[in-house]
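*Asks:* Structure for the following, please:
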Amino acid sequence: MKKIKVTTTIGADIELVWKIWTTPKHIENWNSASSDWHTPKAENNLSEGGRFVYRMEAKDGSFGFDMGGTYTSIRSEEHIAYSLDDGREVTVDFTEQDGSTTIVEAFEPEDQNPLDMQRDGWQAILDNFKRYVENQ
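*Replies:* Numbers count the residues shown, from 1 in each chain. The predicted model follows:
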């Protein structure tokens, strides 16, 4: 299955980017695609074979779901790979250059929503992550 890629470059060093990407209290603050959604709870066991679960909800309470998966590969401050609970594979690569960090996230799409909508949603979360990190 062909993966969809989203990317961003953040004006922060890799240590800070990695910490905010992987720490539940931070994940709860950036993991949303729009201002009317939020992540009220995040659990993260960042180890190969470890699991993560993020509770994503509309702020008005009208809808919510758990996004979870199992880590398959981790190289600290460089690479994360995981399998979502529905079997789709995701990779996240981090590269630091001149004090900035680029993230490239590649994911297998699901078959319920248009590809553009999925790409835009994942990109919006990544853009929100960038804003959050750069305001720390």
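*Asks:* Surely Asp93 touches Arg75?
*Replies:* No. Between Asp93 and Arg75 there is no contact, the gap being 9.3 Å when judged by CB atoms under 8 Å. Quick note: C-beta positions are derived from backbone N, CA and C, even for glycine.
*Asks:* When these two are compared, which one has more neighbours?
*Replies:* Each of Asp93 and Arg75 has its neighbours counted (other CB atoms under 10 Å); Asp93 has more, 16 against 10.
*Asks:* show me what contacts that one?
*Replies:* Asp93 is in contact with Glu78, His79, Ile103, Val104, Glu105, counting by CB atoms under 8 Å, 6 or more residues apart in numbering.
*Asks:* now it, which residues is it bridged with?
*Replies:* Each beta-bridge partner of Asp93 is listed here, defined by DSSP bridges: His79, Val104.
*Asks:* pLDDT value on it, please?
*Replies:* Looking at Asp93, its pLDDT reads 98.
*Asks:* quick one on the thing from earlier: mark which of the contacts of Asp93 are buried, thanks.
*Replies:* Among these, those scoring as buried are Ile103, Glu105 (criterion: 16 or more other CB atoms under 10 Å).
*Asks:* mind putting the contacts of Asp93 in JSON lines, pLDDT and distance to Gln97 included?
*Replies:* Conversion of the contacts of Asp93 to JSON lines gives the following (pLDDT from 0 to 100; distance: CB to CB, whole Å):
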{"residue": "Glu78", "pLDDT": "98", "distance to Gln97": "13"}
{"residue": "His79", "pLDDT": "98", "distance to Gln97": "16"}
{"residue": "Ile103", "pLDDT": "98", "distance to Gln97": "12"}
{"residue": "Val104", "pLDDT": "98", "distance to Gln97": "13"}
{"residue": "Glu105", "pLDDT": "98", "distance to Gln97": "18"}
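*Asks:* From the contacts of Asp93, pick the one nearest Ile4.
*Replies:* Minimum separation from Ile4 among these (CB to CB) is found for Glu105, which lies at 8.9 Å.
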